[in-house]
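K.L.:
Here is my input, please return the structure:
(one chain, ligands or ions: 1)
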Amino acid sequence: MPAKKEGFNRVLDGLKKRQLQHDFKLERAAETYEPIQNIGSGAFGIVCEAVETSSNDKVAIKKVAHASATPTLARRTLREIRVLRYIDHPNIVTLRDIFRTQGPLGIDVFLVMDLMQNNLHHIIYGNEEPLDEYYINKFLGQLLRGLEYLHVASIAHRDLKPSNLLVNQDGTLRIADFGMAKFTDNSSRKHDDEEHCYYMTQHVATLPYRAPELLFVLPEHSTAVDMWAVGCIFGEMVIRNELLPGRSVPGQIKILLTVLGHPPQHVIDEIRCERTRKLIQDYGTKADGEWDDIMHCKARGADQIVRGNCDTIDFVKQLFQYDATKRINIQDALRHPYIQRVTPQMAAQKKCPFRVKRDMMHVEDLSHQDLIKLMTQDVRSAENTYNEMHSGGSFWSAGDFQSERSYEIQKAKYETSSHTNGLDGQHELGYVSGGHQWRIPSYCAA
Ligand SMILES: Nc1ncnc2c1ncn2[C@@H]1O[C@H](COP(=O)(O)OP(=O)(O)OP(=O)(O)O)[C@@H](O)[C@H]1O
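P.N.:
Modelled structure (predicted):
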């Protein structure tokens, strides 16, 4: 290598190292984790590869800078913590630890996860060749299994896209980035109505994966938004291109109309936004797209996943129903002949712990102040990360209620307890009986 280039690379390496040190000032937790290199960033977080010094395990640390500064950041962070902290599923990213430091603009939160080698976006586009059919089906099957675990607990991810699906060399896929995750059931209709405004809805889900009920600002949002995204991701794996590649809201709506045809009249009738309804009506009636062609028109290589395969086409059609109530749900998707044909029979999986659902129920209602309070309680300080690692102390895990019944008992105890955390009693049960200042999550237990 010429000397000039070597020198230049050294300078670049030095700059990267300094940036890493600047981004990941871990305070006392630096004795527990050693950052190695930056590996990714999104709109809300930066992620580095690091080593856990005691075990030599490689981990990924996601930093959400000044997580307490705005309600949006605080809510995103709390959602991610509360979904991930009790979950142990082969197709959902594993959260190992959480700690915080005090940054100049509020609390910086660090989520320590198992390190994954890649994400599906890089897998799809990192190769000239389209993805092998075997891998498409393997990834699809794992995505559906991870979603089943969440959807059965009425938790919608709401930001599924290839870059949020992490993949290891052995083909394991794990769903990541739960900043938009939300508990959705019939009682959440209230929130949906509150969210029924242009601003809120247009910040859920990345445009090319955004379901029509979000795009058209319809009142009903459920786990069905994820099923639409599954269709988009499946299509993207097949054609090696975004299936519905809009770059603006009107542009995205026009792409839907062009590719998928006109929404049924009852869906249009539900649209309250005059501008959106007019846009759809003015666009006129288009013929429904033929999935055979849609999935193949941009495909660079030959594959037979879609063409001529009736069960594949039926599966795709059911994912792309404009009407969310008619869209295939996760359980029917797993039972669909296409999935049955291409994915191995899978054993029944265990249920998502009730406490995840319980923790997620109230997040959407909280004020900025309450969000900060809960986030602070859920996350230990970097100081404690170091102390607990080195004292070998056992971590209290009072939040580990195994069932709805034990939750109710603890809740009753809490509500009659004189010990209060300043909230309304429903929100932070783990605070009741622990002697510790911070609520230490169960997964930290040795
Ligand atoms: N556990 C992990 N192992 C390896 N890489 C990861 C891990 N978690 C996240 N990443 C990488 O970091 C990137 C950014 O992470 P993430 O999507 O969680 O951030 P974000 O700011 O919430 O993103 P977005 O803009 O999509 O909301 C991901 O696309 C992924 O490539």
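
K.L.:
so what are the domain limits for this structure?
P.N.:
Following automatic domain parsing, the chain resolves into domains at 2-115+354-411, 118-351+417-444.

K.L.:
could those domains go into TSV alongside mean pLDDT, mean neighbour count and distance to the ligand?
P.N.:
Yep, even glycine has a C-beta here, placed from its N, CA and C like the rest. Shown next, in TSV, are these (pLDDT from 0 to 100; neighbours: other CB atoms under 10 Å; distance: least, CB to the nearest ligand atom, whole Å):
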stretch	mean pLDDT	mean neighbour count	distance to the ligand
domain 2-115+354-411	84	18	2
domain 118-351+417-444	79	18	4
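
K.L.:
Pull up the gap between residue 82 and residue 364, please.
P.N.:
11 Å (CB to CB, to the nearest Å).

K.L.:
again but with residue 219, I slipped
P.N.:
From residue 219 to residue 364 the distance is 15 Å (CB to CB).

K.L.:
Could you do residue 50 as well?
P.N.:
32 Å.

K.L.:
do the same with residue 253
P.N.:
Distance from residue 253 to residue 364, by CB to CB: 26 Å.

K.L.:
For the residue lying closest to residue 306 once chain neighbours are set aside, which residues are in contact?
P.N.:
If the residues on either side of it in the chain are set aside, residue 306 comes closest to residue 295, at 4.0 Å by CB to CB, 6 or more residues apart in numbering. Shown in contact with residue 295 (CB atoms under 8 Å, 6 or more residues apart in numbering): 235, 238-239, 243, 305-307, 316.

K.L.:
Same list as before, those residues that is, but in a markdown table and with secondary structure included.
P.N.:
Output for those, formatted as a markdown table (DSSP: H, G, I helix; E, B strand; the rest coil):
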| residue | secondary structure |
| --- | --- |
| 235 | helix |
| 238 | helix |
| 239 | helix |
| 243 | coil |
| 305 | coil |
| 306 | coil |
| 307 | coil |
| 316 | helix |
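
K.L.:
how about those residues, which pair is most distant?
P.N.:
Greatest spacing in the contacts of residue 295, by CB to CB: 243 and 307 (15.6 Å).

K.L.:
Check for me that residue 312 belongs to a strand.
P.N.:
No. Counting by three-state DSSP, residue 312 is not part of a strand but helix.

K.L.:
That one against residue 338, yeah?
P.N.:
Yes. Residue 312 is within contact range of residue 338, at 5.1 Å (criterion: CB atoms under 8 Å).

K.L.:
hang on, isn't residue 42 packed against residue 161?
P.N.:
No. Applying CB under 8 Å as the test, residue 42 and residue 161 come out as separate, 10.4 Å apart.

K.L.:
residues touching residue 231, list them.
P.N.:
Counting by CB under 8 Å, 6+ apart, the residues that residue 231 touches are 243, 316, 319-320.

K.L.:
Shouldn't it be within a helix?
P.N.:
Yes. Under three-state DSSP, residue 231 falls within a helix.

K.L.:
What distance do you get for it to residue 91?
P.N.:
From residue 231 to residue 91 the distance is 18 Å (CB to CB).

K.L.:
do residue 43 as well
P.N.:
24 Å.

K.L.:
ok, now residue 362?
P.N.:
26 Å.

K.L.:
again, but for residue 319
P.N.:
Distance, residue 319 to residue 91, by CB to CB: 18 Å.

K.L.:
Repeat that for residue 381.
P.N.:
From residue 381 over to residue 91 the distance is 31 Å, taken as CB to CB.

K.L.:
Also residue 313?
P.N.:
Distance from residue 313 to residue 91, by CB to CB: 26 Å.

K.L.:
same deal with residue 155?
P.N.:
For residue 155, the distance to residue 91 equals 14 Å [CB to CB].

K.L.:
Not counting sequence-adjacent ones, nearest residue to residue 145?
P.N.:
Counting by CB to CB, 6+ apart, residue 91 is the residue found nearest to residue 145 once chain neighbours are left out, at 5.0 Å.

K.L.:
List the contacts of the one you found.
P.N.:
Residue 91 is in contact with 142-143, 145-146, 149, 172-175, counting by CB under 8 Å, 6+ apart.

K.L.:
same thing but at 10 Å, please
P.N.:
Neighbour list for residue 91: 139, 141-150, 165-166, 172-175, 349 [criterion: CB atoms under 10 Å, 6 or more residues apart in numbering].

K.L.:
again with residue 70
P.N.:
76, 105-106, 368, 371.

K.L.:
name the element residue 11 belongs to?
P.N.:
Residue 11 belongs to helix 3-23 when assigned by DSSP states H and E.

K.L.:
Could you name the helices and strands sitting against that helix?
P.N.:
If you count contacts as 3 or more CB pairs under 10 Å, 6 or more residues apart in numbering; DSSP states H and E, helix 3-23 packs onto strand 33-41, strand 46-52.

K.L.:
possible to save those strands as JSON lines with distance to residue 280?
P.N.:
Output for those, formatted as JSON lines (distance: least, CB to CB, whole Å):
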{"stretch": "strand 33-41", "distance to residue 280": "36"}
{"stretch": "strand 46-52", "distance to residue 280": "39"}
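
K.L.:
right, so of the ones you listed, which gets closest to residue 327?
P.N.:
Closest to residue 327 of those is strand 33-41 (CB to CB; 30.6 Å).

K.L.:
Which parts of the stretch 251-400 of the chain are helices?
P.N.:
265-270, 274-283, 291-297, 310-319, 330-335, 337-342, 354-361, 368-378, 382-391 (DSSP state H, counting those that start in this stretch).
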